[in-house]
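In: next input, structure requested:
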Amino acid sequence: MAQRDLEESILSEEFEVSPPETFLPEFPGKKAISRAFPEISTGYALGSVYFTPWVDFVLENPDEIWESPAGEEKSYYYYCYFLEKEGAPPAFVVEICCTDDLWKVNNYALVLKTPDLAKARRENLVYSRAKEWDKENFVRTLNDTALQRYDQGKLEEAKTLIDSAITLSDAGAAYLYNNRGLICWKMGLTEQAKRDFLESIALDGENGDPYFNIGLIYFDDSDYPNAQHYLKQAVEVSPHDGQFLTELGHLYLETDQEQEALKLFERAFNNDPSDAQVDFHLGYYFLYKKHNPKNAVKYYDQGLLKDPDDQFALADLAVAHWVLGRRRRTLQIQKTLQQNSALMPYTISRLVYLNMEMENYDAALDYYEQALDNEEPFEPEWLHYHAALVYAKTGRAQQAIDTLDIAVRMGGEAVIKRAMAEKALEQLKQTPAFKKVLKMPVKRKNR
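Out: Predicted coordinates:
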């Protein structure tokens with residue numbers, strides 16, 4: 001539009017008779033242009049009209065924009081595009097005249113001399129691509145450093161860095177809000193995390209990550225309708241992402257939509273047959289939802305052929321073998337896990353349970369103490385519950401009561417129901433302390 005209007009005004013008689021006031025130099029002649037750009041064919045009519053198509057390009061891709069006020073009601077803006085060296089001629093400059101109710105292309109010029117370019121680059125620098133690029137690089141450095149601190153568990157420092165990055169990025173970038181959401185989520189600031197993920201979605205609805213992340217928050221909270229909404233959105237945005245497909249499939253299994261889950265797992269497998277997560281999710285489903293450890297072993301074995309070091313799968317495979325009465329196989333897997341110098345909270349929790357079941361009480365309590373060193377132990381209510389069973393089975397009644405107290409406070413009715421049916425607690429059930437623990441008001445929502 002700017003190009004067409006300018007062509008009409010340049011070619012019109014009115015323009016030739018009454019040229020507008022301009023602060024740009026005259027357009028260079030054919031010889032000057034040929035000297036500056038020998039690659040341009042001299043067969044072209046190298047007048048100003050020849051360069052009219054450059055106007056829209058420069059308006060959309062300026063290297064710099066300068067403002068020069070010309071009174072209370074008028075300003076001139078100079079859009080500069082440097083053809084060779086940053087800040088030096090040759091440059092193409094478009095002059096815009098701006099008033100309260102009018103914005104128009106006033107003139108343009110191919111500037112070949114340094115003093116002429118300096119006149120356009122006076123007064124106020126409104127925009128600089130070079131400075132914006134430097135700022136963006138700095139913002140990305142802050143973001144990368146924040147993620148490093150996140151991986152190191154230095155969450156306060158990570159949040160401070162990502163906050164600074166968001167502030168410097170002016171309107172903000174979708175990836176920054178998504179990353180701050182991850183940091184806040186890990187800090188336990190779930191409401192702030194949700195707001196950040198939603199802001200990321202608002203800025204870039206074509207990225208599936210924030211949909212996925214907020215979906216997982218709702219999944220963790222057992223808010224299945226919201227979890228399904230956002231996880232489905234993630235799959236719609238990125239239909240070939242195996243993690244999105246398998247996690248939505250996992251949700252469907254949790255809500256007894258087995259056929260829908262199997263369809264998603266099939267899609268994930270077809271997209272990437274080497275991805276073990278489909279097998280692991282199915283193993284988990286058959287072990288804990290269907291109570292079919294034999295099928296669970298089948299799927300865990302399949303997945304571990306693809307990813308033999310997955311701690312979660314190994315820990316659950318050990319549980320499945322234990323349920324099937326295969327003590328030797330359980331011990332073999334535990335030995336494999338013990339060779340890992342950095343056990344995950346999930347793995348440690350399973351090892352507390354397994355060693356309690358196998359009557360390796362000292363080992364169970366060692367793993368329990370190790371679990372308590374983590375900032376976020378996995379399912380802490382059941383971790384404390386299994387430790388309480390160990391104390392009860394080894395004759396440490398007071399420690400059993402104290403630990404069961406913690407488990408009930410964290411897990412509510414689900415823990416109470418399990419404790420009432422537990423044979424290992426029979427001797428404690430008639431004591432006033434035990435009754436007091438089970439009758440205490442539960443502040444936490446039941447799971």
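In: where does the stretch 101-250 of the chain have low pLDDT?
Out: 170-172 (pLDDT under 70).
In: in it, which spans are helices?
Out: Per DSSP state H, counting those that start in this stretch, the stretch 101-250 of the chain has helices spanning 114-120, 129-151, 155-168, 174-186, 190-203, 208-220, 224-237, 242-254. These are given in chain order.
In: pull out the buried positions in stretch 73-87.
Out: Ser75, Tyr76, Tyr77, Tyr78, Tyr79, Cys80, Tyr81, Phe82, Leu83 (16 or more other Cβ atoms under 10 Å). All C-beta spots, glycine's among them, are computed from the backbone N, C-alpha and C.
In: okay if I get the helices of the stretch 101-250 of the chain as CSV plus mean neighbour count and distance to Ala313?
Out: Output for these, formatted as CSV (neighbours: other Cβ atoms under 10 Å; distance: least, Cβ to Cβ, whole Å):
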stretch, mean neighbour count, distance to Ala313
helix 114-120, 16, 65
helix 129-151, 15, 22
helix 155-168, 18, 28
helix 174-186, 23, 23
helix 190-203, 19, 27
helix 208-220, 22, 19
helix 224-237, 18, 22
helix 242-254, 23, 13
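In: want to throw those into TSV with distance to Glu376?
Out: Shown next, in TSV, are the helices of the stretch 101-250 of the chain (distance: least, Cβ to Cβ, whole Å):
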stretch	distance to Glu376
helix 114-120	58
helix 129-151	14
helix 155-168	11
helix 174-186	8
helix 190-203	13
helix 208-220	11
helix 224-237	20
helix 242-254	19
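In: in contact with the most centrally placed residue in the chain, which residues?
Out: Nearest to the geometric centre of the chain sits Asn178, at 4.2 Å (Cα atoms, centre = their mean). By Cβ atoms under 8 Å, 6 or more residues apart in numbering, the contact list for Asn178 reads Asp196, Phe197, Ser200, Asn207, Asp209, Pro210, Asn213.
In: quick one: contacts for the fourth one?
Out: Read that as Asn207. Ala174, Tyr175, Asn178, Ser200, Ile201, Val237.
In: repeat for the last one
Out: Contact criterion Cβ under 8 Å, 6+ apart gives Asn178, Gly181, Leu182, Trp185, Ala193, Phe197 as the residues in contact with Asn213.
In: between the residues you listed, which is nearest Leu248?
Out: Using Cβ to Cβ, Phe197 comes nearest to Leu248 of the contacts of Asn213, at 16.5 Å.
In: isn't the closest one up against Phe212?
Out: No - look at Phe197 against Phe212 with Cβ atoms under 8 Å: they stay out of range, at 9.0 Å.
In: Phe434 touches Asp405, doesn't it?
Out: No - counting by Cβ under 8 Å, Phe434 does not reach Asp405; the two are 9.7 Å apart.
In: could I get the full set of strands for the stretch 1-150 of the chain?
Out: 64-69, 74-82, 91-99, 102-111, 124-128 (DSSP state E, counting those that start in this stretch).
In: export these to JSON lines and tack on distance to Ala313?
Out: Converted to JSON lines, the strands of the stretch 1-150 of the chain look like this (distance: least, Cβ to Cβ, whole Å):
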{"stretch": "strand 64-69", "distance to Ala313": "56"}
{"stretch": "strand 74-82", "distance to Ala313": "57"}
{"stretch": "strand 91-99", "distance to Ala313": "61"}
{"stretch": "strand 102-111", "distance to Ala313": "62"}
{"stretch": "strand 124-128", "distance to Ala313": "53"}
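In: list the contacts of the nearest residue to Gly181 once chain neighbours are set aside.
Out: Distances taken as Cβ to Cβ, 6 or more residues apart in numbering place Asp196 nearest to Gly181, at 3.6 Å, with adjacent residues excluded. Residues in contact with Asp196 (Cβ under 8 Å, 6+ apart) are Tyr177, Asn178, Arg180, Gly181, Cys184, Pro210.
In: ok, Ile406 next?
Out: By Cβ under 8 Å, 6+ apart, the residues touching Ile406 are His384.
In: what does Gly215 give?
Out: By Cβ under 8 Å, 6+ apart, the neighbours of Gly215 are Asn226, Ala227, Gln228, His229, Tyr230, Leu231, Gln233, Ala234, Glu247, Leu248.
In: same question, Val297
Out: So Val297 contacts Gly283, Leu317, Ala320, His321, Leu324 (Cβ under 8 Å, 6+ apart).
In: tell me how many other residues surround the closest residue to Tyr127 other than its chain neighbours.
Out: Among residues not flanking Tyr127 along the chain, Ile65 sits closest, at 4.1 Å (Cβ to Cβ, 6+ apart). Using other Cβ atoms under 10 Å, Ile65 has 18 neighbouring residues.
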